[in-house]
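Chemist: Sequence first, then the predicted structure, then my questions.
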Amino acid sequence: MTSDADLLEPLRRYWGYDSFRPMQERIVRSLLAGRDTCVIMATGGGKSLCYQLPASLAMEKTAIVISPLIALMQDQTAQLAQIGIEAAVLNSSLAPRETELIMRNAVDGRYRLLYLSPERLARQDTLDWLRQVPVSFFVIDEAHCISEWGHEFRPEYRQLSSLRVQFPDRPIAAFTASATRQVRHDIIEQLQLRDPDKYIASFHRPNLKYIVKKCDSKTQFPLLVSAIRAHPDGAIIVYAPKIANVAEMIAKLEEHGIAATGYHGKMDALTRRRNQELWMSGEVRVIVGTVAFGLGINKPDVRAVIHLSLPKSIEQYYQEAGRGGRDGQPADCLLLWRPRDAGLHAYFIGAITDSAEKERAWQRYHTIRDFVECGLCRHFQICRHFGESTKWKSCGACDVCGDDPNWLLPSAQKPPTKRSEPNRPSEQQPSVPQLIPQTLNETPEFAELRAYLREWRRATARSQDIPAFIVMHDTSLDDLCKKHPSSLTEIREVSGFGARKTELYGQQILDALERFHEGARDPSVSSFESSAGARNLK
């Protein structure tokens with residue numbers, strides 16, 4: 001039996017945390033005990049640590065992680081490298097020589113985690129090779145994709161059912177953020193999990209305020225502008241229904257003085273990554289994306305998630321809206337839907353050739369339509385949809401329960417008169433905006449230091465060609481500004497700084513803090529690039 005101290009030691013050493021989040025420790029213990037496991041945990045709940053920590057303790061054995069998105073696998077591998085855990089990813093972007101080297105290293109037990117796509121795992125040559133790898137356990141990420149009842153069913157996931165046959169003695173752990181009771185049962189059945197330990201977190205996110213507004217082509221954009229302006233701190237995600245809407249919406253926002261960047265599936269990978277990093281690093285607060293955006297995003301300070309059409313399911317809405325407020329602070333989830341959205345849904349559902357899947361798509365549409373029109377508490381409806389019973393039916397944190405923000409009131413939507421502001425027809429600030437502070441008790445010096453260290457982080461990330469959030473999350477940056485460490489020992493007390501990260505960046509951070517205290521305030525990347533480039537730590 002692994003003791004509490006045995007688990008807290010690697011938690012501190014690798015991740016720099018002093019305690020687990022709810023349920024994490026129990027899940028870790030299940031995997032260490034070799035149990036099949038099924039985990040339903042909301043976006044931002046810390047799912048990845050649940051399998052990464054036990055994998056880190058299995059010396060000369062490798063956890064095989066099945067994930068559907070190449071960019072997500074690459075980011076997780078880079079993050080693990082930053083904290084000192086050997087990991088690799090096999091995907092189609094690798095040269096044959098790189099693939100051969102990773103496969104050989106895996107047979108030798110060099111990696112603690114190895115990320116694969118479901119398509120690669122379906123290949124017979126991959127299965128033959130995996131039999132030579134010392135596998136500790138298998139992880140199925142985004143496990144709802146295996147179920148035909150899931151909102152993102154992927155046929156290639158069905159082939160994962162062969163894992164139990166091919167590797168009968170290896171534990172299998174399924175993870176997802178959103179699954180109804182029916183989908184959960186399907187996941188367990190399809191993966192042939194044996195008497196699995198089940199961990200189902202509450203679907204209630206009390207810090208999120210769900211706001212649903214029926215609108216038309218004339219009122220939707222003014223509401224969007226009003227919502228963005230009412231959240232001057234933190235980041236904002238805007239979900240557009242189609243690829244063509246992304247560039248159109250960015251242009252309209254820029255006409256109103258709101259800078260935004262975009263993300264959709266037909267962008268080349270380099271452009272997507274650059275735009276995502278602009279948003280992640282805070283250079284641009286607003287990102288407009290399609291459903292392609294968001295998987296694996298770990299940005300804590302998203303203060304508003306705004307949908308410009310009906311999502312295709314409650315599961316999709318819950319997952320996307322759940323990218324707000326991951327720091328536990330309040331966030332607004334605004335759904336601006338139009339009756340014409342039904343036509344868009346009908347178009348996409350009509351393109352489905354499988355009759356059973358078409359019927360399930362219509363069921364999902366009618367459920368989300370009921371969600372916006374039935375007049376019941378939004379939080380209650382979401383919990384009920386996922387099979388969670390609540391003792392309350394009114395949350396106090398949604399529009400149905402009477403918590404409409406000021407910036408959505410009719411007075412806030414009226415454009416200014418031509419006499420008062422002739423050249424800016426839709427730019428009136430809401431009369432009493434709801435302002436949510438990015439950090440508690442933020443002083444001018446705190447804000448200056450935060451901006452200074454943010455630029456240090458960006459320069460350091462650029463020198464290594466990795467996203468800035470991999471160097472340091474915003475929560476760690478805020479904790480640095482709060483604690484003002486003056487030694488490497490004190491940096492270890494900063495949230496998110498384990499042994500390896502302190503070794504990589506500790507002295508650089510101390511140098512940057514010293515320059516700041518001596519009066520340096522240049523917030524440009526160029527002021528840091530020479531020192532970051534010189535260290536260029538890999």
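Modeler: Nice, thanks for sending it over.
Chemist: C-alpha only now, for contacts and for neighbours.
Modeler: Will do.
Chemist: Let me see the ranges of the strands in the chain.
Modeler: Listed in chain order, the strands of the chain (DSSP state E) span 37-40, 62-66, 87-89, 113-116, 135-140, 172-176, 197-200, 208-214, 235-239, 260-263, 286-289, 302-307, 331-337.
Chemist: quick one, which of those strands is nearest to residue 75?
Modeler: Taking Cα to Cα, strand 87-89 is the member of the strands of the chain nearest to residue 75, at 9.9 Å.
Chemist: Determine the set of other helices and strands touching the closest one.
Modeler: Using 3 or more Cα pairs under 8 Å, 6 or more residues apart in numbering; DSSP states H and E as the contact test, the elements touching strand 87-89 are helix 70-83, strand 113-116.
Chemist: Go through those and pick out the most buried.
Modeler: When the helices and strands packed on strand 87-89 are scored by mean count of other Cα atoms under 10 Å, the highest mean neighbour count falls to strand 113-116 (a mean of 24).
Chemist: which residues are contacting that one?
Modeler: 52, 55-56, 62-67, 73, 86-91, 106 (Cα atoms under 8 Å, 6 or more residues apart in numbering).
Chemist: Repeat the analysis, applying 6 Å as the threshold.
Modeler: Contact with strand 113-116 is made by 62, 63, 64, 65, 66, 87, 88, 89, 90, as judged by Cα atoms under 6 Å, 6 or more residues apart in numbering.
Chemist: Stretch 64-84 too?
Modeler: 14, 87-88, 113-118, 138-141, 296, 470, 500-501.
Chemist: May I ask you to name the longest helix in the protein?
Modeler: Ranked by residue count under DSSP state H, the longest helix found in the chain is helix 444-464.
Chemist: For that one, the averaged confidence score.
Modeler: Averaged over helix 444-464, pLDDT sits at 90.
Chemist: What would it look like as CSV? C-alpha coordinates only.
Modeler: The C-alpha coordinates for helix 444-464 follow below in CSV (Å, rounded to 0.1, in the frame of the first residue of the first chain):
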residue,chain,number,x,y,z
PRO,A,444,-0.3,48.6,-9.7
GLU,A,445,3.0,47.1,-8.7
PHE,A,446,1.5,43.6,-8.9
ALA,A,447,0.2,44.3,-12.4
GLU,A,448,3.6,45.7,-13.5
LEU,A,449,5.4,42.7,-12.2
ARG,A,450,3.0,40.4,-13.8
ALA,A,451,3.4,42.0,-17.2
TYR,A,452,7.2,41.9,-16.7
LEU,A,453,7.3,38.2,-15.9
ARG,A,454,4.8,37.5,-18.6
GLU,A,455,7.2,38.9,-21.1
TRP,A,456,10.1,36.9,-19.6
ARG,A,457,7.9,33.8,-20.0
ARG,A,458,7.1,34.6,-23.6
ALA,A,459,10.8,35.2,-24.5
THR,A,460,11.9,31.9,-22.7
ALA,A,461,9.2,29.9,-24.5
ARG,A,462,10.1,31.5,-27.9
SER,A,463,13.8,30.5,-27.4
GLN,A,464,12.7,26.9,-26.9
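Chemist: mind listing what's buried in that helix?
Modeler: By 16 or more other Cα atoms under 10 Å, the buried positions in helix 444-464 come out as 448-464.
Chemist: ok now stretch 443-457, how far from the chain's centre?
Modeler: For stretch 443-457, the separation from the chain centroid amounts to 24 Å (computed by Cα atoms, centre = their mean, to the nearest Å).
Chemist: where along the stretch 1-150 of the chain do the helices fall?
Modeler: 4-10, 24-32, 47-57, 70-83, 96-107, 118-121, 124-130 (DSSP state H, counting those that start in this stretch).
Chemist: Buried ones in the first one, by neighbour count?
Modeler: Right, the one you point to is helix 4-10. Here helix 4-10 shows 7, 8, 10 as buried, counting by 16+ other Cα under 10 Å.
Chemist: out of those residues, which one sits closest to residue 399?
Modeler: Minimum distance to residue 399 across those is 41.6 Å, recorded for residue 8 (Cα to Cα).
Chemist: Check the gap between that closest one and residue 372 for me.
Modeler: Separation of residue 8 from residue 372 (Cα to Cα, to the nearest Å) stands at 44 Å.
Chemist: Surely residue 285 touches residue 232?
Modeler: No - Residue 285 sits out of contact with residue 232 when judged by Cα atoms under 6 Å, with a separation of 8.9 Å.
Chemist: between these two, which one's more packed in?
Modeler: Of the pair residue 285 and residue 232, residue 285 is the one with more neighbours under other Cα atoms under 10 Å, namely 21 against 17.
Chemist: and the more buried one, what is it in contact with?
Modeler: Residue 285 sits next to 235, 279 when contact means Cα under 6 Å, 6+ apart.
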